[in-house]
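[1] need a structure here:
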Amino acid sequence: MDIAPIVVHGWRFELTGAELVISSEQNPQAQLRLSARAAYSLLDYLYQYRDDLHNAARQEEDTQVEVQKSEMRTNNDLDQATVE
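    The predicted structure is shown next:
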């Protein structure tokens, strides 16, 4: 199996031989190795709760956007106060 690894949100996922290796980009020593059988069971589990995970991910994104908007408003308020 010759599949390139993928790095997303600080995590690296790589299929090596008959294992799935998940490691942290911040701390490569922090890793999890799953056999092909265990990885497939995880995939099945994740698929079963795909809609719930999708909703949770959207909620995280919405929260992050709101925080960024709030920070921008605060920065704009500070900039305006400096000008006055």
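[2] from here on, just use CA atoms for contacts and neighbour counts.
    Will do.
[3] if you count neighbours, what's buried in stretch 51-65?
    By 16 or more other Cα atoms under 10 Å, stretch 51-65 has no buried positions at all.
[4] what's the mean pLDDT across it?
    Stretch 51-65 shows an average pLDDT of 93 in the prediction.
[5] what's opposite the closest residue to Pro5 other than its chain neighbours in the beta bridge?
    Leaving aside its chain neighbours, Pro5 sits nearest to Glu14 (4.3 Å; criterion: Cα to Cα, 6 or more residues apart in numbering). For Glu14, the beta-bridge partners are Val21 (DSSP bridges).
[6] let me see the contact set for Glu14.
    Residues near Glu14 by Cα atoms under 8 Å, 6 or more residues apart in numbering: Ile3, Ala4, Pro5, Ile6, Leu20, Val21, Ile22.
[7] buried subset of those?
    With burial judged by 16+ other Cα under 10 Å, the buried subset of the contacts of Glu14 is Leu20, Val21, Ile22.
[8] so the second one sits against Phe13, correct?
    This points to Val21. Yes - under the criterion of Cα atoms under 8 Å, Val21 makes contact with Phe13 at 5.8 Å.
[9] which residues are common contacts for the two?
    By Cα under 8 Å, 6+ apart, no residue touches both Val21 and Phe13.
[10] wait, a strand at Ile3?
    No - counting by DSSP: H, G, I helix; E, B strand; the rest coil, Ile3 is not part of a strand but coil.
[11] so how far is Leu20 from it?
    Per Cα to Cα, to the nearest Å, Ile3 is found 11 Å from Leu20.
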